[in-house]
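Visitor: Everything below, folded, please.
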Amino acid sequence: MNKIISTDIHSFNLSSEDHGFTVTLQTTKLQDGVNLITLRLESEEAATPPVFTLRWSHPACDIQGSWHPAQDRNKSFKADWMRTLRSNAAASAPVYALFNSRGRNRMTFAYSDALNTVHYSGGISEETADFHCCVQLFTETTAPFRSYEAKLLVDTRDVPYYESLDGVQAWWSEMPEYRPAFVPEAAKEPMYSTWYSMHQNVTDTHIEEQCRIAKKLGMEAVIVDDGWQTADNRRGYAYCGDWETYEGKFPDMQRHVDAVHALGMKFILWYSVPFIGKYSQAWHRFKDKILRFNEGHGAAVLDPRYPDVREYIINTYEKAVKEWGLDGFKLDFIDTFYSPELQLPSTVEGKDYESIPAAVDRLLTDSIGRLRELNPAIMIEFRQMYIGPAMRKYGNMFRASDCPNDSIQNRVRTLDLRLICGNTAAHADMIMWHPEEPVESAALQLINCLFSVPQVSVLLDKLPSDHLKMLTYWLAFWKENRTLLLDGLIEPMNPELLYPLVRAVLEDRGIVVAYHEQIVPIDAAVPVSQWIVVNGRRQDGLYLEVSGEIGIAQVTIRNCCGEITEEQSVELRSGMHKLAIPASGLATISIK
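Guide: Numbering: from 1, shown residues only. A predicted model of the protein is given here:
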């Protein structure tokens with residue numbers, strides 16, 4: 001079967017093997033350069049669909065880079081035979097962008113079905129120098145259905161690539177099935193995490209010691225990670241599943257949570273959602289209702305298609321909120337539900353779903369709905385790569401995936417999050433560094449994550465005095481400028497070069513962070529009364545390249561610990577102006 005439909009720019013070809021569905025393919029022009037292709041499948045009887053593939057080509061003209069949510073540090077494009085991308089509710093998101101070296105969009109496409117597995121690609125043809133693009137549906141086992149509808153958004157406007165991506169997230173957000181979760185203010189405050197600083201060697205007293213310091217530094221919540229539920233500190237999951245505190249570490253969890261609350265901090269607790277360990281008491285109850293077993297983990301992945309499995313998981317979270325007064329959950333490993341190639345055949349009756357994505361959607365929908373009845377401001381953290389539009393309706397905190405001590409990786413991942421997460425709070429991976437680091441180098445761990453919510457994970461009582469002073473300054477700076485950093489119009493430049501310059505503007509204030517660039521452009525036409533210029537480099541000094549006449553400005557320069565190194569009045573005329581900003585320092589430019 002083949003169906004062809006065209007827009008002003010592209011010709012779309014839908015193909016599949018023979019089937020019993022009635023297929024409709026329509027195009028709608030939303031505005032110049034933005035088209036919507038709607039696919040509908042209908043059948044009189046529920047049927048299992050074959051693979052459907054929607055293909056089109058786009059000329060490789062003035063295109064130097066690509067972007068998708070799981071791309072990480074390599075923003076190159078590939079040949080059409082090299083790579084197929086995959087997304088579903090727990091893996092990435094179905095969106096792909098092509099742009100030029102000036103950051104201008106050349107083509108962005110996104111698919112509306114972010115729940116089920118979709119394969120998509122946009123690779124270069126060696127023969128024609130065209131991008132061969134496609135979206136493939138139903139490549140994995142699909143439950144029979146009578147109707148299916150989804151839409152493909154294609155944007156070829158000559159706009160900044162980040163504007164096109166923001167349009168995609170807004171498009172998804174308007175869909176009732178992906179309406180984003182409420183984001184409480186507490187989700188947008190700095191937090192202390194126990195993972196890198198303590199790993200599984202957590203105890204209630206040690207956490208409380210760190211929280212006393214953390215609160216004074218401006219951290220408003222603690223995330224207690226893996227280890228609270230077991231005496232086993234070998235990084236496995238064989239004891240997950242019962243979710244009872246190990247008394248040798250937490251003899252009274254409610255007392256501990258109350259003690260943290262008394263400091264004025266929120267309390268978030270880690271759970272590995274799918275795992276049931278072979279040494280847990282719940283193992284014998286559910287060992288026949290699993291998707292697969294991982295010997296290395298010592299744990300199995302529960303099958304969410306069984307209602308008693310879902311109810312057990314939800315009851316566990318409800319009990320923790322009721323008995324301990326939790327303010328949030330770090331729900332981990334949701335992506336492990338999805339590995340069809342490793343799935344065991346189901347042998348036990350009682351499933352009420354055939355589709356694993358639909359069952360996970362039901363699990364998370366019911367979990368969050370019931371938790372919000374207990375606490376409307378409950379916080380839910382998800383980790384890359386389950387950060388797509390389907391996950392925004394459950395989680396209100398998206399964290400960059402693990403990249404310990406790698407500040408550049410943390411920058412790339414947090415900015416990738418920001419580009420499509422809308423108002424969902426984007427969090428950095430836990431910030432850590434070696435205590436013998438030069439303080440300017442340690443400061444880069446925070447500076448690289450300025451446009452996300454910081455999570456700090458070092459032993460605060462072991463920090464050298466200059467490190468503590470630096471951390472105090474940058475957390476205070478972040479909190480003072482939080483609205484500008486999180487809510488400002490963000491412009492991450494040159495993704496193909498790992499975002500060497502990032503700018504945000506909100507009302508009459510702007511901030512520019514130079515991560516690799518030595519020349520920082522300032523446009524006099526932008527109506528701001530204050531610019532903050534951050535030197536996110538290990539070298540001293542930056543140059544302002546001023547376009548237009550700004551006039552007299554008061555410039556205050558600080559080092560990485562917040563100490564003023566220079567104050568001067570400067571006339572900012574069109575041209576180059578050198579600023580002696582120390583490595584990991586900043587300049588505040590107040591325009592008179």
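
Visitor: Longest strand in this protein, please.
Guide: Secondary structure of the chain per DSSP state E: the longest strand is strand 34-47.

Visitor: Give the buried residues for it.
Guide: V34, N35, L36, I37, L39, L41, S43 (16 or more other C-beta atoms under 10 Å). In this view, the C-beta of every residue, glycine as well, is placed from N, C-alpha and C.

Visitor: Redo those residues as CSV? Include pLDDT and distance to F131.
Guide: Shown next, in CSV, are the buried residues of strand 34-47 (pLDDT from 0 to 100; distance: C-beta to C-beta, whole Å):
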residue, pLDDT, distance to F131
V34, 98, 18
N35, 98, 16
L36, 98, 20
I37, 98, 16
L39, 98, 21
L41, 97, 26
S43, 96, 33
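
Visitor: if I pick F337, what's in contact with it?
Guide: The contact partners of F337, by C-beta atoms under 8 Å, 6 or more residues apart in numbering, come to A90, P274, L291, V301, P304, I356, V360.

Visitor: Same question for N13.
Guide: Neighbouring residues of N13 by C-beta under 8 Å, 6+ apart: N2, K3, I4, L54, R55, W56.

Visitor: Break down the stretch 451-592 of the chain into its strands, ranges please.
Guide: 455-456, 489-492, 501-506, 509-514, 519-523, 530-535, 542-547, 551-558, 564-572, 575-579, 586-591 (DSSP state E, counting those that start in this stretch).

Visitor: The stretch 201-350 of the chain too?
Guide: Taking DSSP E, counting those that start in this stretch as the criterion, the stretch 201-350 of the chain carries its strands at 221-224, 266-272, 275-277, 290-294, 299-302, 328-332.

Visitor: is it possible to export these to CSV including distance to C211?
Guide: Shown next, in CSV, are these (distance: least, C-beta to C-beta, whole Å):
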stretch, distance to C211
strand 221-224, 5
strand 266-272, 9
strand 275-277, 27
strand 290-294, 34
strand 299-302, 30
strand 328-332, 15
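
Visitor: For T48, which of the ones you listed is the nearest?
Guide: Ranking the strands of the stretch 201-350 of the chain by their distance to T48 (criterion: C-beta to C-beta) puts strand 290-294 first, at 20.1 Å.

Visitor: contact partners of that closest one?
Guide: Here strand 290-294 has contacts from 274, 276, 278, 299-303, 337, 339, 342-344, 356, using C-beta under 8 Å, 6+ apart.

Visitor: pLDDT on it, on average?
Guide: Averaged across strand 290-294, pLDDT comes to 93.

Visitor: buried stuff in it?
Guide: I290, L291.

Visitor: Figure out how far that strand is from the centre of its chain.
Guide: Distance of strand 290-294 from its chain centroid, counting by C-alpha atoms, centre = their mean, to the nearest Å, is 27 Å.

Visitor: How about S197: what's its closest non-neighbour residue?
Guide: Spatial nearest neighbour of S197, excluding adjacent residues (C-beta to C-beta, 6 or more residues apart in numbering): S457 at 4.7 Å.

Visitor: Quick check, pLDDT for the one you found.
Guide: Listed pLDDT for S457 reads 98.

Visitor: separation between it and R104?
Guide: 38 Å (C-beta to C-beta, to the nearest Å).

Visitor: More neighbours: these two, which one.
Guide: S457 (23 against 16; other C-beta atoms under 10 Å).

Visitor: Contacts only, for the more buried one.
Guide: Y192, S193, T194, W195, Y196, S197, M430, I431, M432.

Visitor: Just the element for V23, please.
Guide: strand 22-31 (DSSP states H and E).

Visitor: could you give the angle of that strand to strand 34-47?
Guide: 160 degrees (axes from the mean of the first three to the mean of the last three C-alpha atoms, to 10 degrees).

Visitor: Just the buried positions in strand 22-31, please.
Guide: L25, T27.

Visitor: Make sure T414 is indeed in a helix.
Guide: Yes: the assignment for T414 (DSSP: H, G, I helix; E, B strand; the rest coil) places it in a helix.

Visitor: Do I have it right that it meets I447?
Guide: No: contact criterion C-beta atoms under 8 Å: T414 and I447 do not qualify, at 11.8 Å.

Visitor: more neighbours, the two?
Guide: T414 (28 against 24).

Visitor: The more buried one: what's it in contact with?
Guide: A400, A426, H427, A428, D429, C449, F451, S452.

Visitor: If we use 10 Å, what do you get?
Guide: Shown in contact with T414 (C-beta atoms under 10 Å, 6 or more residues apart in numbering): 384, 398-400, 403, 421, 426-429, 448-454, 492, 499.

Visitor: do L419 as well
Guide: 67, 69, 95, 97, 161-162, 164-166, 168-169, 426, 490, 492, 495.

Visitor: How much space separates the nearest residue to I387 once chain neighbours are set aside from L498?
Guide: Nearest non-adjacent residue to I387, counting by C-beta to C-beta, 6+ apart: F398, 4.5 Å away. F398 sits 20 Å away from L498, going by C-beta to C-beta.

Visitor: neighbour count winner among the two?
Guide: Shown here are F398 and L498; by other C-beta under 10 Å, F398 has more neighbours (27 against 18).

Visitor: distance between the longest strand of the chain and the chain's centre?
Guide: On C-alpha atoms, centre = their mean, the centre of strand 34-47 falls 30 Å from that of its chain.

Visitor: after that strand comes which helix or strand?
Guide: Immediately after strand 34-47, counting by DSSP H and E, sits strand 52-59.

Visitor: Low-confidence regions, the stretch 451-592 of the chain specifically.
Guide: Across the stretch 451-592 of the chain, nothing is flagged by pLDDT under 70.

Visitor: likewise the chain?
Guide: By pLDDT under 70, the weakly predicted segments of the chain are 341.

Visitor: Show me where it has its helices.
Guide: Under the criterion DSSP state H, the chain carries helices at the ranges 161-173, 195-198, 204-217, 253-262, 283-286, 307-324, 356-374, 389-392, 407-420, 439-447, 465-480, 482-487.

Visitor: Dump the ones you listed to a markdown table, plus distance to R179.
Guide: Shown next, in a markdown table, are the helices of the chain (distance: least, C-beta to C-beta, whole Å):
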| stretch | distance to R179 |
| --- | --- |
| helix 161-173 | 7 |
| helix 195-198 | 31 |
| helix 204-217 | 33 |
| helix 253-262 | 31 |
| helix 283-286 | 32 |
| helix 307-324 | 21 |
| helix 356-374 | 11 |
| helix 389-392 | 8 |
| helix 407-420 | 16 |
| helix 439-447 | 33 |
| helix 465-480 | 29 |
| helix 482-487 | 20 |
